[in-house]
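Asks: Quick check, what structure comes out for this input:
(chains A and B)
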Amino acid sequence: MSVLPLPVPPAPRARRGRSRALRVPVSVVISAAVVVLFVVAAVFPGLLATHDPLKTDLYATLQKPSGSHWLGTDDVGRDLFSRIVWGTRTSLLIGLGVMALAMVVAVVMGLASGLGPSWVSGPVNRLLEVMLAFPTLLLALLLVALLGPSAESLIVSVGVSTAPGYARLIRAQTISVKRSGYVEAARALGHTTRTVVRQHVIPNAFRPLVALIALGIGTSVVWASGLSFLGLGVAPPSSEWGLLLNAGKTQITVAWWLEIFPGLAIVLVTLSFTLIGRYIQAVVEGDHVS
Amino acid sequence: MNIHLGEPVAGDRVVRVKNLNVSFVGPAGRSHHVVKNVSFDLHRGQCLALVGESGSGKSVTARSILGLSGETAVVEADALELDGESLLGRSDSWWRRIRGSRIGYVLQDALVSLDPLRPVGKEIAEPLRLHRRGTRATREAQVLELLERVGVPSPGLRARQRSGELSGGLRQRALIASAIALDPGIVIADEPTTALDVTVQAQVLDVLKEMLEAGTSVIVISHDLAVVAKLADHILVMQDGQIVESGRAEDVLRRPRHPYTQQLVDAVPSEHTKGTRLSLDGPARTRELFPGTRDHTADDGPLLEAHHVVKSFRGPDKVQRTAVDDVSFRLDRRETLGIVGESGSGKSTLARIALALETPDSGRVEFLGRPWTAAPPREQRAVRRRISVVQQDPLSSFDPRWRVSRILVDAIRLGDPVNAHRAEERALELLGAVRLGEQHLDALPLRMSGGQRQRVAIARAIATDPDVIVLDEAVSALDVSVQAQILDLLADLQDQLGVSYLFISHDLGVIHHVSDRVIVMQDGHAVEQGPADQIFSDPQHPYTQKLLESLPRLEYATLREAVSR
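Replies: I've put the predicted structure just below:
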């Protein structure tokens, strides 16, 4: 009998199974650090800011990034770094607020459409279809125009316009869980409908949403900045990032930093939330399939 | 008929495998040795069967003859030859020339193996086109000829349809047609009839038999010994990657020498196995599970009774279809009522009605002498714990987030609101009754084997101390030896707990083994109903007769000689 030249296994790596989920990729660790940094900036802007974000200094207008002004100054000499730090709160709050509102609307509509009796689910479905037929931006613009520009109306308009997409997802999840073998098994055991919904439908239908929420915060920040840039969001002298971009656009040929750094802040926040969301998604799905 | 049963001439050899070893290198660099020193020869016009359970290495063995063992596989052999040519170390392009033209491959599931968006005719013409045989026009004619050869009626129409528009049997035959399009000398069929109903299975087996008679060599992979008995000249029994027994089909099935083969042969349920144990497991101990909680003699009369039940559904095309049409039955204490029928016959709908998960359009169902499907939900919930269910796919019947302990505790506390600690203890007792242990309490069903999952499902079903358990194809997805263990366990539970079964299956052998009485269903009708032995020995309805004829029965009889030694 021939001896098999089997490949020699390398030194054993970390134990497989549950511990594998704990090996978090570096990109996710960095993203988490970035998010923490921005959260600190949002909660305690005074800790990070080097200057008063509103203090003008006419002797130091349009300064390049330097030791005294890390990211330069704008046309009235305000420190850009401090303005970005102070603007974090508004931008992040809008992102979170949009997501929270979108989720509330989406959960109500999604569950009504997925679990409700036909006289509830029918009209809700038609409403969802109508809302989905509008491009998100168009719907958001319409709502901002109706509500007038402010942080609150930004939250409401972007939240309401992005909700139908999530509602459809919740609906689809709910329906597939509702028809699953384990819901049938629970009903056959004699659980009440309420228990079945609480115990099985909600947790399983909402599992994939955790990842989407993280992804959604990132995109909401972009949405909100976009609308502010168009002058439809927060009003000056707030230093919301979209506003900073708007204010700097006229000086882009002489002061590139006024556009680059606020833009970078938006990219960093969005990218970090997206990477974290993707990671959660992979963990949740991997747990299902594996 | 089997002209190759004697020692074949050496020149006849089409495949030679000597000391084949296949291992897979895992992601962590560990290797799994899945095929160990397998040797066999395949001769012209011969049918060789690879028999064994999932994971025994039978598919991997066959796939290495096709060069399809996978990227991470390490294939080694003293000899691996096709018509005297070595198959070792060949390039991808070489393999592409061989596959289809010299070896055909029929996969298990024709629905996923055929492209749903292309007409079946195109799909069959594909190998012809790839190997540049003929012109478009001659290929079309050839496709029709092929379809005719595999017994597809009106081939001209079928060739234009897509795989989704064909029935399971027609799909499987179309797949065989594409495998033999280039007239390969060898066809490898991996579980070719596993997903098929028994009458369709008979048709597919006939096609394979005709190919054998025409001189094609066939390697058939199956866990179904009845199928194997019908086709194979030679059988290789595999266990853990090794051949544990090989020989002429008749010898292996009639006089199995290796204990594992004996176990496999004994595990096949049929008319001859009624009342006997199929596995080597001793009786389960469940008597102490429910001490004196219930007085079975107290209420006589039928447990579950259905009168003229009708149920129809509206399909996506808005056409009303009657799934169950005027079916009546009664289930008594300690009795097993078998419901047998092919897919779409309405068995599962009947199961859901028996569980009051579906309300019949007309007719009535009574459970424990009281209205059941017509009762208000509150009243239904109060008695639900006395009728439970084991579904076909245990995995999908468990919440993916829940571990075994939570699954059981949830059911236990519904039956009997005990405290959490006591419920955990009960969960452990239940696991013991279904032959699982403490180590499984914390397991996720996802990481358990099919047999273990079904045991958990049974533990959950008995947790509430039910009078009736509805078993909907509960053993259909299991390997034959695991199926034997589960059937034995169910018999023990019935003996010791006095529970009744509504046993639904498409497998005639299983139904005959377990049932006291049988209902045969076809297109929503109960075409025949009566004691199991009477139905199986003297079927009255033509459909029942057809079912029983289609079952590879003769072979079963030969098979059982070994058992009744």
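Asks: Burial check on the residue in the stretch 151-290 of chain A that chain B sits nearest to, number of neighbours?
Replies: Each residue of the stretch 151-290 of chain A has a distance to chain B, by Cβ to the nearest Cβ, and the smallest belongs to residue A:190, at 3.2 Å. For the C-beta atoms, the positions are set from N, CA and C on the backbone; glycine is no exception. The local packing of residue A:190 (other Cβ atoms under 10 Å in any protein chain shown) involves 20 other residues.
Asks: ok, for it, nearest residue in space, not its chain neighbours?
Replies: Nearest-residue entry for residue A:190: residue B:384, 3.2 Å, with adjacent residues in sequence omitted and distances by Cβ to Cβ, 6 or more residues apart in numbering or on different chains.
Asks: Residue A:182 - nearest residue in space that isn't next to it in sequence?
Replies: Ranked by Cβ to Cβ, 6+ apart and with sequence neighbours excluded, the top spatial neighbour of residue A:182 is residue B:399, at 4.6 Å.
Asks: Assign that neighbour to helix, strand or coil.
Replies: Under DSSP: H, G, I helix; E, B strand; the rest coil, the three-state class of residue B:399 is coil.
Asks: pLDDT below threshold where in the stretch 1-150 of chain A?
Replies: In the predicted model, the stretch 1-150 of chain A carries pLDDT under 70 at residues A:1-22.
Asks: rerun that using 80 as the cut-off
Replies: Scanning the stretch 1-150 of chain A for pLDDT under 80 picks out A:1-24, A:46-58, A:60-64, A:66-72, A:74-77.
Asks: Give me the neighbour count for residue B:201.
Replies: Neighbourhood size, residue B:201 [other Cβ under 10 Å]: 24.
Asks: Tell me how far it lies from residue B:194.
Replies: Here the criterion is Cβ to Cβ, to the nearest Å. By it, residue B:201 lies 9 Å from residue B:194.
Asks: residues touching the residue in chain B that chain A sits nearest to, list them.
Replies: Nearest residue of chain B to chain A (Cβ to the nearest Cβ) works out as residue B:384 at 3.2 Å. If a contact means Cβ atoms under 8 Å, 6 or more residues apart in numbering or on different chains, then residue B:384 has A:188-190, B:356 as its contacts.
Asks: Mind doing that once more with 7 Å?
Replies: Listed by Cβ atoms under 7 Å, 6 or more residues apart in numbering or on different chains, the contact set of residue B:384 reads A:188-190.
Asks: And residue A:151, by the same measure?
Replies: With contacts defined as Cβ under 7 Å, 6+ apart, the neighbours of residue A:151 are A:90, A:94, A:233-234.
Asks: Let me know the closest of those residues to residue B:310.
Replies: Set against residue B:310, the nearest of the contacts of residue A:151 by Cβ to Cβ is residue A:94 (58.4 Å).
Asks: neighbours around that closest one, how many?
Replies: Around residue A:94 there are 29 residues (other Cβ under 10 Å).
Asks: How about residue A:247?
Replies: Residue crowding around residue A:247 was assessed by other Cβ under 10 Å; the count is 21.
Asks: name the element it belongs to?
Replies: helix A:241-248 (DSSP states H and E).
Asks: picking that back up, please produce CSV containing the contacts of residue A:151, extended by distance to residue B:154 and secondary structure.
Replies: Converted to CSV, the contacts of residue A:151 look like this (distance: Cβ to Cβ, whole Å; DSSP: H, G, I helix; E, B strand; the rest coil):
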residue, distance to residue B:154, secondary structure
A:90, 71, helix
A:94, 65, helix
A:233, 67, coil
A:234, 71, coil
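Asks: so how far is residue B:489 from residue B:455?
Replies: Applying Cβ to Cβ, the value for residue B:455 to residue B:489 is 7 Å.
Asks: out of these two, which sits in the more crowded spot?
Replies: More neighbours sit around residue B:455 than around the other of residue B:455 and residue B:489, counting by other Cβ under 10 Å; the figures are 25 against 22.
Asks: Which residue, other than its chain neighbours, is closest to that one?
Replies: Once chain neighbours are set aside, the closest to residue B:455 by Cβ to Cβ, 6+ apart is residue B:434, at 4.1 Å.
Asks: ok, the one you found - contacts?
Replies: Going by Cβ under 7 Å, 6+ apart, residue B:434 touches B:455, B:458-459, B:489.
Asks: from the residues you listed, which two are the most distant?
Replies: Those two in these that are separated most widely, counting by Cβ to Cβ, are B:459 and B:489, at 10.1 Å.
Asks: Mind listing what's buried along stretch B:57-70?
Replies: By neighbour count, with 16 or more other Cβ atoms under 10 Å in any protein chain shown as the criterion, the buried positions of stretch B:57-70 are B:57-67, B:69.
Asks: which residues of the stretch 451-565 of chain B fall in helices?
Replies: In order along the chain, the stretch 451-565 of chain B carries the following helices (DSSP state H, counting those that start in this stretch): B:480-497, B:508-514, B:532-537, B:542-550, B:553-563.
Asks: Could you identify which of those is most buried?
Replies: helix B:508-514 (a mean of 24; mean count of other Cβ atoms under 10 Å in any protein chain shown).
Asks: Need the residues that contact that one.
Replies: Residues beyond helix B:508-514 that count as contacts (Cβ under 7 Å, 6+ apart) turn out to be B:198, B:268-271, B:273-274, B:336, B:338, B:340, B:475, B:487, B:503, B:505, B:518, B:532, B:536, B:547-548, B:551.
Asks: and these, which are buried?
Replies: Burial of the contacts of helix B:508-514 was assessed by neighbour count (16+ other Cβ under 10 Å); the buried members are B:198, B:268-271, B:273, B:336, B:338, B:340, B:475, B:487, B:503, B:505, B:518, B:532, B:536, B:547-548, B:551.
Asks: what helix or strand is residue A:258 on?
Replies: Assigned by DSSP H and E, residue A:258 belongs to helix A:257-289.
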